[in-house]
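Participant: Quick one, fold the following:
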Amino acid sequence: MANVLFILTSHDKLGDTGNPTGFYIDEMAAPYWALTDAGHDITIASVKGGKPPIDPNSLDDDPAKRPAPVTRFLDDATASAKLENTPAVAPLDVADYGAVFLPGGHGTMWDFAKNDDIARLVSGIYAKDGVVGAVCHGPAGLLGATKPDGTPLVAGLRVNGFTDSEENTVGLTDQVPYLLESRLRELGGKFEGKDDWAAFAVTDGRLVTGQNPQSAEKVGEQLVAALA
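Facilitator: Residues are numbered from 1 along each chain as shown. Got it, this is the predicted structure:
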């Protein structure tokens, strides 16, 4: 069984809109339970450490309307405690983990792509034959990662994430610092996207990526398979 590192965004402001953002809790919770139920151990870290911000758009005020993995996570004392004081990514050691997973949420677009420690951890875990996963905007954390030969990690690999069309549909094309699909393509990723809000995930060797919040459960299933 693997020790799996989850990395969450610490960024809580959505561009110039004045609106809050953060990580999408369902994109974290569904893979969390898929991996936990398969016997893996999970460490939840964040860019700055401490309590990472949950995007309020991902947490319905009515508990009855929340996805089952989210309810299970929040109701589980051991799981929910992991969000109260997460370790920061800076001191973490590649040697301690066999896989890394990057949940999305718009916050990642600001603090994942140019973070040297995320790049170090993702690159290092991939280099030692570990599994790398990401969903929705989480693949922003792949942008700075490289293969052992120095080429972009995504170059030549099938990959997906939140599409440019989806960004346009939510009206945030002019607010985000870049478009994720476009950037992944620029780095040589073989981007495969489906229709807006389709549940879709793709595995290429040891890289697992999913398109949007609706894809979180598929990503969890494919992470379990990749680690098997």
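Participant: Can you give me the neighbour number for residue 87?
Facilitator: Other residues within reach of residue 87 by the criterion other CB atoms under 10 Å amount to 14. C-beta coordinates here come from the backbone N, C-alpha and C atoms, glycine included.
Participant: excluding its backbone neighbours, what's nearest it?
Facilitator: residue 45 (4.8 Å; CB to CB, 6 or more residues apart in numbering).
Participant: in what helix or strand does that neighbour lie?
Facilitator: Per DSSP states H and E, residue 45 falls inside strand 41-46.
Participant: which residues of this structure fall in helices?
Facilitator: With DSSP state H as the criterion, the chain has helices at 25-37, 68-75, 77-81, 108-111, 116-127, 164-169, 180-186, 216-227.
Participant: what's the angle from the longest one to helix 216-227?
Facilitator: Right, the one you point to is helix 25-37. Helix 25-37 runs at 30 degrees relative to helix 216-227, counting by axes from the mean of the first three to the mean of the last three CA atoms, to 10 degrees.
Participant: ok so, going back, any figure for the gap between the residue nearest to residue 87 and residue 4?
Facilitator: 11 Å (CB to CB, to the nearest Å).
Participant: what does residue 47 give?
Facilitator: 18 Å.
Participant: same thing with residue 119?
Facilitator: 18 Å.
Participant: Identify the residues contacting the closest residue to residue 128 other than its chain neighbours.
Facilitator: Spatial nearest neighbour of residue 128, excluding adjacent residues (CB to CB, 6+ apart): residue 94 at 7.0 Å. Listed by CB atoms under 8 Å, 6 or more residues apart in numbering, the contact partners of residue 94 are 120-121, 124-125, 128.
Participant: change it to 7 Å
Facilitator: 121, 124-125, 128 (CB atoms under 7 Å, 6 or more residues apart in numbering).
Participant: next one: residue 184
Facilitator: 139, 154, 159, 161, 191.
Participant: Next: residue 124.
Facilitator: Contacts of residue 124 by CB under 7 Å, 6+ apart are residue 94.
Participant: Give me the pLDDT value at it.
Facilitator: pLDDT for residue 124: 98.
Participant: now do residue 16
Facilitator: At residue 16, pLDDT is 87.
Participant: picking up where we left off before, please identify, among the contacts of residue 184, the one with the most neighbours.
Facilitator: So for the contacts of residue 184 (other CB under 10 Å), the most neighbours sit at residue 139, 32 neighbours.
Participant: Please determine how far the spatially closest residue to that one that is not a sequence neighbour is located from residue 63.
Facilitator: Distance criterion CB to CB, 6+ apart; nearest residue to residue 139, sequence neighbours excluded, is residue 161 at 3.8 Å. According to CB to CB, residue 161 and residue 63 sit 29 Å apart.
Participant: now swap in residue 227 and tell me
Facilitator: With CB to CB as the criterion, residue 227 and residue 63 are 31 Å apart.
Participant: Then residue 71?
Facilitator: On the measure of CB to CB, residue 71 and residue 63 end up 7 Å apart.
Participant: Give me the more crowded residue out of those two.
Facilitator: Using other CB under 10 Å, the more surrounded residue of residue 71 and residue 63 is residue 71, with 14 against 11.
Participant: quick one: contacts for that one?
Facilitator: Residue 71 neighbours (CB under 7 Å, 6+ apart): residue 63.
Participant: And the pLDDT for it?
Facilitator: Reading off the model, residue 71 has pLDDT 97.
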